[in-house]
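Chemist: Just a sequence and a predicted model for now, questions to come.
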Amino acid sequence: MNGIRNRTLRNTIRVSVPFLIVPALTLAGSIVFDRKRHIIISLAIAVFSLLLFAAGFEKRRTGTRRMVIAAVMTALCFAGRFIPFLKPISALTIITGIYLGGETGFLVGAMTAVLSNFYFGQGPWTAFQMLAWGLIGLVAGILSDPLKRSRVFLLIYGAAAGLMYSFIMDIWTVLWYAEGFDIKLYIAALGTAIPYTASYVISNVLFLSLLAKPFGEKLQRIKNKYGV
């Protein structure tokens, strides 16, 4: 009975945190809360990301090992933000989600945003970045089997992830500009952001082409050796 309750609780967390709680916090941070309190929202999302990560494993030892690998992938993503123009953050987050699970992918994406923005600048946009990169990693975990089997599908998903990131960030653009959501402004923002969106798509496809195989092989060996 306890096992059934635990599984039900974990499944509830897996659905509610990334698709309900974090989006609600993200919107609240830009609409309801004062902008000076944005760091509270970002830290709250970080806590829920850790909760989601914890819901993805049952054995403490397995979770600890996965946390170490997640920390390494987050550090690599952090370093990737210093690369000019084309950045590997989404690609590394996707690879993490594929081989370590969507919960780990969400954690790496979200933590990369909040930690790196202590250098690049915190603001209400941080929560949107956490949500965008987190969802990119989570969906990669959900689609892990077909993404492993098909390189073409992997690259298509990488391109779609670039669009996803831009679409989510443009929601913030409209909320910041209009202090409320306006569909016409959103469409205009999407059009204005086409060069940036193209760079996200190109970055993801490029770095997935270069990194997916070597990183994937290493992560798979770690999984097999340590039972992550």
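Modeler: Received the coordinates, thanks.
Chemist: so Ala189 is in which element?
Modeler: helix 183-192 (DSSP states H and E).
Chemist: what helices or strands is that helix leaning on?
Modeler: Here helix 183-192 touches helix 151-178, going by 3 or more CB pairs under 8 Å, 6 or more residues apart in numbering; DSSP states H and E. Using the backbone N, CA and C atoms, a C-beta is placed for each residue, glycine as well.
Chemist: Would you mark the buried spots in the helix it packs on?
Modeler: Residues of helix 151-178 classed as buried: 154-155, 157-159, 161-162, 164-166, 168-175 (neighbour count, 16 or more other CB atoms under 10 Å).
Chemist: relative orientation of that helix and helix 183-192 in degrees?
Modeler: 130 degrees (axes from the mean of the first three to the mean of the last three CA atoms, to 10 degrees).
Chemist: if we can go back for a sec, give the next helix or strand downstream of the helix holding Ala189.
Modeler: helix 194-226.
Chemist: pLDDT of the helix holding Ala189, averaged?
Modeler: Averaged over helix 183-192, pLDDT sits at 94.
Chemist: Would you mind listing the buried residues in it?
Modeler: Leu185, Tyr186, Ala189, Leu190.
Chemist: nearest to Ser42, of those?
Modeler: Set against Ser42, the nearest of these by CB to CB is Ala189 (22.2 Å).
Chemist: Run through the residues that contact that closest one.
Modeler: Asp170, Thr173, Val174, Tyr177 (CB atoms under 8 Å, 6 or more residues apart in numbering).
Chemist: how near is it to Gly29?
Modeler: 19 Å (CB to CB, to the nearest Å).
Chemist: Asn6 now?
Modeler: 31 Å.
Chemist: cool, and Met164?
Modeler: Separation of Met164 from Gly29 (CB to CB): 19 Å.
Chemist: again with Gln220
Modeler: In terms of CB to CB, Gln220 sits 37 Å off from Gly29.
Chemist: Check Phe57 too.
Modeler: 29 Å.
Chemist: ok, those two, which is more surrounded?
Modeler: Just comparing Phe57 and Gly29: by other CB atoms under 10 Å the higher neighbour count belongs to Gly29, 27 against 19.
Chemist: which residues touch that one?
Modeler: Arg37, His38, Ile41, Ser42, Pro124, Ala127.
Chemist: Out of those, flag the one nearest to Ser116.
Modeler: Nearest member of the contacts of Gly29 to Ser116, counting by CB to CB, is Ser42, at 11.7 Å.
Chemist: Okay, and the closest one sits in which element?
Modeler: Going by DSSP H and E, Ser42 is in helix 38-54.
Chemist: ok, and for that helix, which residues are buried?
Modeler: Result for helix 38-54 [16+ other CB under 10 Å]: buried residues His38, Ile39, Ile41, Ser42, Ala44, Ile45, Ala46, Phe48, Ser49, Leu50, Leu52, Phe53.
Chemist: same for that helix, what does it pack against?
Modeler: helix 2-16, helix 22-31, helix 60-80, helix 102-120, helix 125-142.
Chemist: what about it, distance to the chain center?
Modeler: On the basis of CA atoms, centre = their mean, to the nearest Å, helix 38-54 sits 12 Å off its chain's mean C-alpha point.
Chemist: Then stretch 101-108?
Modeler: Taking mean C-alpha positions (CA atoms, centre = their mean), stretch 101-108 and its chain are 7 Å apart.
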